[in-house]
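>>> Predicted model follows, preceded by the sequence.
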Protein chains: 4
Amino acid sequence: MSEHSVVAPRFIEGARFIEGLALAVANFKGIYPPLPTFFDTREELDLAMYQQHISNLAGTGIAGYVVMGTNGESVHLTSDERLQVIEAAREAAGSDAQIIAGCGEQSTRATITNCWRAATAGANAALVLPPSYYKSLMDRRALVAHYQAVADSSPLPVVIYNMPASAAGLDIDAATICILAGHPNIIGVKDSAGDMAKLAQVTGQVPASFRVFAGSAGYLLPALSVGAVGAVAALANIFPRHVCRVQELFTAGRLEEARTLQAQIVAANTAVTTTYGVPGLKAALELTAGSDGRLRADCGYLRSPLQPLTEQERVNLLEILRRVLHTKER
Amino acid sequence: MSEHSVVAPRFIEGARFIEGLALAVANFKGIYPPLPTFFDTREELDLAMYQQHISNLAGTGIAGYVVMGTNGESVHLTSDERLQVIEAAREAAGSDAQIIAGCGEQSTRATITNCWRAATAGANAALVLPPSYYKSLMDRRALVAHYQAVADSSPLPVVIYNMPASAAGLDIDAATICILAGHPNIIGVKDSAGDMAKLAQVTGQVPASFRVFAGSAGYLLPALSVGAVGAVAALANIFPRHVCRVQELFTAGRLEEARTLQAQIVAANTAVTTTYGVPGLKAALELTAGSDGRLRADCGYLRSPLQPLTEQERVNLLEILRRVLHTKER
Amino acid sequence: MSEHSVVAPRFIEGARFIEGLALAVANFKGIYPPLPTFFDTREELDLAMYQQHISNLAGTGIAGYVVMGTNGESVHLTSDERLQVIEAAREAAGSDAQIIAGCGEQSTRATITNCWRAATAGANAALVLPPSYYKSLMDRRALVAHYQAVADSSPLPVVIYNMPASAAGLDIDAATICILAGHPNIIGVKDSAGDMAKLAQVTGQVPASFRVFAGSAGYLLPALSVGAVGAVAALANIFPRHVCRVQELFTAGRLEEARTLQAQIVAANTAVTTTYGVPGLKAALELTAGSDGRLRADCGYLRSPLQPLTEQERVNLLEILRRVLHTKER
Amino acid sequence: MSEHSVVAPRFIEGARFIEGLALAVANFKGIYPPLPTFFDTREELDLAMYQQHISNLAGTGIAGYVVMGTNGESVHLTSDERLQVIEAAREAAGSDAQIIAGCGEQSTRATITNCWRAATAGANAALVLPPSYYKSLMDRRALVAHYQAVADSSPLPVVIYNMPASAAGLDIDAATICILAGHPNIIGVKDSAGDMAKLAQVTGQVPASFRVFAGSAGYLLPALSVGAVGAVAALANIFPRHVCRVQELFTAGRLEEARTLQAQIVAANTAVTTTYGVPGLKAALELTAGSDGRLRADCGYLRSPLQPLTEQERVNLLEILRRVLHTKER
């Protein structure tokens, strides 16, 4: 399929989704690990490893999968590779699994193209990072026009992906999110800015059908306390049961236990997100490999220019992971 | 008293406080409004207005008062004026009230001097903003040495005041706070960075006697969910009952009500902190004046270079405040 | 040509360039306008307009053209469109013209692929923006490895493109540039950070064959004073003779005249770069259209999400441009 | 003199200066070292060392002295100490020397008070850093009002001190500087932002009697090329002759030599400013002590919380300094 053969029709109310494809909002809650994409020693896709990881995560309590996000090194893949990865995810996860695919591009038209491609490959929803190359020009007017145009033409429901750290510092504000929440094909936001006042402001104003997700397990419990319904959490690749358990305890009103567990996982979360990023996440998968249905110990290859952790960094990381491994939730 | 007459003896374990002065950690929790300092038309101190405001706040459920903080325009006062203001606060609040005084200065020695002065004037604890003029040099080594030296010599227990917006962006990290929590004369932190992962990390590691406070009502409920015990909240100058009620509901396990109230106050909170700052806080006091034991409508004078809100800004602010005034908690 | 058919052999000393293709370092100096890419009302490429603009610029004193840079909305084009644009540039500029093509991508391998494609399409050198999606991980080690790998395998000589504003704030430091200057296939840097101390440090340490360019006309004269040999300057799309004249006057030792002219163009430069960006550059081309071999007045269409200037912004911009138009250099 | 006894009359045109005190604009050009303040092992003022340093700098070609600036640790001194230091500077420098004193405070009124005190102690001009504690509120309206009020009432001519690194990132823009340049008692700006486009814009618009100074030796030559008339340069404390020589060569039209010398000093400049700051400057004075009329090798004591360089940092610094020491200008 060439880049030009995708036709992006205007969004049509009432018949807007490819039949049976779109994620049902009723089920859009809970914990979604953003899957890393695996490579071999030559930096080529290792789809077998990818599918193994998906199988390992099934049954741990997670609600679905995010593919082609920041942790998936989407920006390091070609268009064709992205399709292969989404298809592999769908094959491994089964037809009922929720699969949300990163679809953001710098131009509005390429973002729409990506949404169609992702739909074709089997995704249920599109996670759309804002364009930020021309960050200083991305005011509310530009962002609203962009997201509305994408939502108008996307066959998949759109989830706003607010992540300043991956968008040159661009932080979509509460008012803009609330405007976009009025579009029938924009169903939620994954917010990685960690600003709870903003989340409270958003959840207080949007309809219940618009879902707010924390963008990290580091502030899952606080986000839940102000009305978030789940998280897209890198840590859930490593400790899915722990992360899901925080939400279960919260829902059950067992706040003190939730707080204790939240505190136990936060250092590990910081390590595989802020501190060491994707290389840290992959190293963590390597360091916890070999038992309990986990991955092989050589799963951590990255695409350049990402560099693997140094030996000292791996030692530090293992120490941090061990503290979580020794808690009861595993 | 000259600036040089203050003797700052080493901290002595077991007899470290001026008798009866130090804030009892057992009571160190709840909501503390950081008081604005009032001025007349000539920018001179209006201590009568100040004492009236303190009286108005008494009995609303607040735990105590923060004086000489960012909202108190401490940086606009002379050393002598700061003493006058603290003394006026003590006089109005009564001998049993908790009064926490901002004492941070750029040099370690001046910070210690300030702690002694504040003690003399009747404060119960010292809130210490980190030095940030030489921000790039304020690494962990420098910050730990600074706070430990201050805590060693201060007659008042020290509360760390982490507020990047008022400290040139300097953000004291979790590890540094945890190190400082080990000092017997450092009893807590007011954290205005709004990073819940960090608060969770801190509360998970420090002893229970070290108290963590949110630095704003905007994320009070999320902060409580990860173990904070209260807040220093500018909004509590205007809506003390609302802010206190969020914590009461949380403590009572009535999370959904707490969440609703949190969402109701967050826009007003943003207005009087991030958006309009101290001029916004004072304008809000003016706009809600005239009834219910509130202040006079001319309470909003600022010291230059701070400028009053424009008329349009006042209109915007009033609209935001009205939404809170119409909720049931008042 | 598929994305996968590009073979990227290791750089071979002495036979490293596609014959006759590589830019001769001896001629690598002077003023290079970074060309905007033109679109029609449907946001499709308008290559005729593009070639007209190139013809208009010929003979104004410029040294060559930069294509597929930030001003060229490279990030809004598909891979195929980029090739079309480079080919159109070569066709319009003639076989002797210097054409430098933006080739940076997030992955090392895609950057190399781009260099080969650009070579095939007729470019003489590759301008490589650093990967910045994972900005926090792009330390010196990662950047040196990336650029060296690209330079090893690129058929075109590589020019480092340091532009924090387009790279999430990532600023390649002097030491890293000096290390990279040691690679035989890295021939220069276009630095848009505007840090003259850094440029002085670089020019003082690199061999004369490594060329330093200002990334804007706004600090052309200061950059020349510390050893830069020219500029990639958006303003040269509008006022090529003025920008070239600054360098001519400097070279002739007529510093005072250079300074006067530099001061005359700086406000217009700020308007079409920092203040209004690419929409401003295109609006400026529209506002100066219609005479003197200039473009048509409908040349300013952008690809979404970029938005055209408001009417008020156009009025402001015209006022600024008029001050330059009335100087003698036109 | 109490803090309250200073009367700050409105500026009176034609008789505005304390007789014979104000710096004559005609002489306001050249290189001004911002003097460090020296301390003994107990962190008390060492005024003898201070006066020795001033004597050492006399006759090296510098135009005058800046006291109570960032390098003078002004924020670490009490009000009384600041007066002592200015008086000591005047005594050592003699009655004809130009002495510019840092006078910026957070409030407008305290800044005016400081200008009067500095005048009383013998300063010729006031260098005024903008208030930045409430940085987000310091828009153009607030800054213009502040500086105009200070200039109206200051007995000393005012020099704007734009230094984002010491003002929480606040950067006074070109338009604001140009507005302020219209005030008869504002005679210049020391700009440490290093933005040459801005300097070009300012020098192109202000009257010749308004003087623009680079805030660092790191970009002295580029700043001169766009119309600056000198620099306030920390490096001039260590290598006054080198820094002055750059300007002499520029003035003589010997650009190539100027460029070579500029490149030779830039690494040392970076070390004692950006990299190591005031501790680096003092360490550099220690490391170059002992000959040639230089200071004693124990001159580097700082006030806490500033920390001395580590041994490794001193080794690195010495290596950098040696490269300058071996150039011919010493």
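Arrived safely. Residues are numbered from 1 along each chain as shown, chains lettered A, B, ... in the order given.

>>> What residue in the stretch 101-250 of chain A comes nearest to chain D?
Going by Cβ to the nearest Cβ, chain D is nearest to A:Gly169 of the stretch 101-250 of chain A, at 13.9 Å. For the C-beta atoms, the positions are set from N, CA and C on the backbone; glycine is no exception.

>>> would that residue count as being in a strand?
No. Read with DSSP: H, G, I helix; E, B strand; the rest coil, A:Gly169 is coil and lies in no strand.

>>> What segments of chain A are helices?
Here chain A has its helices, by DSSP state H, at A:47-57, A:79-93, A:108-121, A:140-153, A:174-180, A:196-205, A:220-225, A:240-251, A:255-270, A:277-287, A:311-325.

>>> Touching the second one from outside, list them.
What that stands for is helix A:79-93. Applying Cβ atoms under 8 Å, 6 or more residues apart in numbering or on different chains, the contact partners of helix A:79-93 are A:3, A:35, A:37, A:45, A:47, A:50-51, A:54-55, A:58, A:65, A:67-68, A:72, A:74, A:77, A:97, A:99, A:101, A:114, A:117-118, A:120-123, C:3-4.

>>> and what of the first one?
Residues from elsewhere that reach helix A:47-57, judged by Cβ under 8 Å, 6+ apart: A:33, A:35-38, A:65, A:84-85, A:88-89, A:91-93, A:236-237, A:240, A:285, A:293-296, A:299.

>>> Over to the third one?
Contact partners of helix A:108-121, identified using Cβ under 8 Å, 6+ apart, comprise A:1, A:3, A:6-8, A:18, A:21, A:68, A:79, A:82-83, A:86-87, A:90, A:101, A:103-105, A:126, A:128, A:131, A:145-146, A:149-150, A:153-156, A:158, C:43, C:76, C:78, C:303-305.

>>> now do the last one
Outside helix A:311-325, the residues within contact range by Cβ under 8 Å, 6+ apart are A:238-239, A:242, A:264-265, A:267-268, A:271-272, A:276, A:280, A:283-284, A:287-288, A:309, A:330.

>>> ok, now which ones touch the residue nearest to A:Asn237 when sequence neighbours are not counted?
The shortest distance from A:Asn237 to any non-neighbouring residue, by Cβ to Cβ, 6 or more residues apart in numbering or on different chains, is to A:Pro33 (4.5 Å). A:Pro33 is in contact with A:Leu57, A:Ile62, A:Tyr65, A:Val66, A:Val232, A:Ala233, A:Ala234, A:Ala236, A:Asn237, A:Pro240, counting by Cβ under 8 Å, 6+ apart.

>>> quick one: which of these is most hemmed in?
Greatest neighbour count in the contacts of A:Pro33, by other Cβ atoms under 10 Å in any protein chain shown, goes to A:Ala233: 35 neighbours.

>>> Check the spacing between it and A:Thr78 real quick.
Separation of A:Ala233 from A:Thr78 (Cβ to Cβ, to the nearest Å): 27 Å.

>>> now do A:Pro33
Going from A:Pro33 to A:Thr78 by Cβ to Cβ gives 24 Å.

>>> what's the answer for A:Gln264, then?
40 Å.

>>> now A:Ala181
A:Ala181 is 33 Å from A:Thr78, by Cβ to Cβ.

>>> Repeat that for A:Asp139.
For A:Asp139, the distance to A:Thr78 - Cβ to Cβ - is 32 Å.

>>> And those two? Which one has more around it.
Neighbour count, other Cβ under 10 Å: between A:Asp139 and A:Thr78, A:Thr78 has more, with 16 against 10.

>>> burial measure for the closest residue to A:Glu286 other than its chain neighbours, as a count.
In space, and not counting its chain neighbours, A:Glu286 is closest to A:Gly300: 4.4 Å by Cβ to Cβ, 6+ apart. A count of neighbours around A:Gly300, defined by other Cβ under 10 Å, yields 24.

>>> Ok, A:Ala267 next?
Residues near A:Ala267, counting by other Cβ under 10 Å: 22.

>>> from memory it sits against B:Lys198, does it?
No. The pair A:Ala267 / B:Lys198 is not scored as a contact, 10.6 Å apart, by Cβ atoms under 8 Å.

>>> Next, find the distance separating the nearest residue to A:Gln264 once chain neighbours are set aside from chain C.
Setting aside the residues directly before and after it, A:Gln264 is nearest to A:Thr327 in space (Cβ to Cβ, 6+ apart), at 5.1 Å. Computed as Cβ to the nearest Cβ, to the nearest Å, the A:Thr327 to chain C distance reads 28 Å.

>>> Then A:Ala121?
17 Å.

>>> can you pull the pLDDT of that residue?
You'll see A:Ala121 listed with a pLDDT of 95.

>>> what number of residues lie near the nearest residue to it once chain neighbours are set aside?
Once flanking residues are discounted, A:Ala121 sits nearest to A:Ile86: 3.8 Å by Cβ to Cβ, 6+ apart. Number of residues near A:Ile86 (other Cβ under 10 Å) recorded here: 23.

>>> need the contact list for the residue of the stretch 51-200 of chain A found nearest chain B.
As assessed by Cβ to the nearest Cβ, chain B sits closest to A:Ala197 within the stretch 51-200 of chain A, at 3.2 Å. Contacts of A:Ala197 were listed using Cβ under 8 Å, 6+ apart, and they are B:Gly194, B:Ser216, B:Gly218, B:Tyr219, B:Val266, B:Asn269, B:Thr270.

>>> from what I can see A:Asn162 touches A:Val189, true?
Yes. The pair A:Asn162 and A:Val189 qualifies as a contact (Cβ under 8 Å) at a distance of 6.0 Å.

>>> more crowded one of these two?
Using other Cβ under 10 Å, the more surrounded residue of A:Asn162 and A:Val189 is A:Val189, with 26 against 23.

>>> what does the model give the closest residue to that one other than its chain neighbours for pLDDT?
Setting aside the residues directly before and after it, A:Val189 is nearest to A:Ile160 in space (Cβ to Cβ, 6+ apart), at 4.1 Å. pLDDT for A:Ile160: 98.

>>> How about the residues of chain A by chain B?
With Cβ under 8 Å from any Cβ of the partner chain as the criterion, chain A comes near chain B at residues A:194-197, A:200-201, A:203-205, A:216, A:218-219, A:221-227, A:253, A:255, A:258-260, A:262-264, A:266-267, A:269-270.

>>> Which ones among the contacts of A:Pro33 map onto strands?
A:Tyr65, A:Val66, A:Val232 (DSSP state E).

>>> what sits against the residue nearest to A:Glu286?
Taking Cβ under 8 Å, 6+ apart, we find A:Gly300 in contact with A:Pro279, A:Lys282, A:Ala283, A:Leu285, A:Glu286, A:Pro308.

>>> now these: which count as buried?
Listed as buried from the contacts of A:Gly300 are A:Pro279, A:Lys282, A:Ala283, A:Leu285, A:Glu286; burial here means 16 or more other Cβ atoms under 10 Å in any protein chain shown.

>>> how far away is the third one from A:Thr273?
It refers to A:Ala283. Distance from A:Ala283 to A:Thr273, counting by Cβ to Cβ: 13 Å.

>>> Sounds good, over and out.
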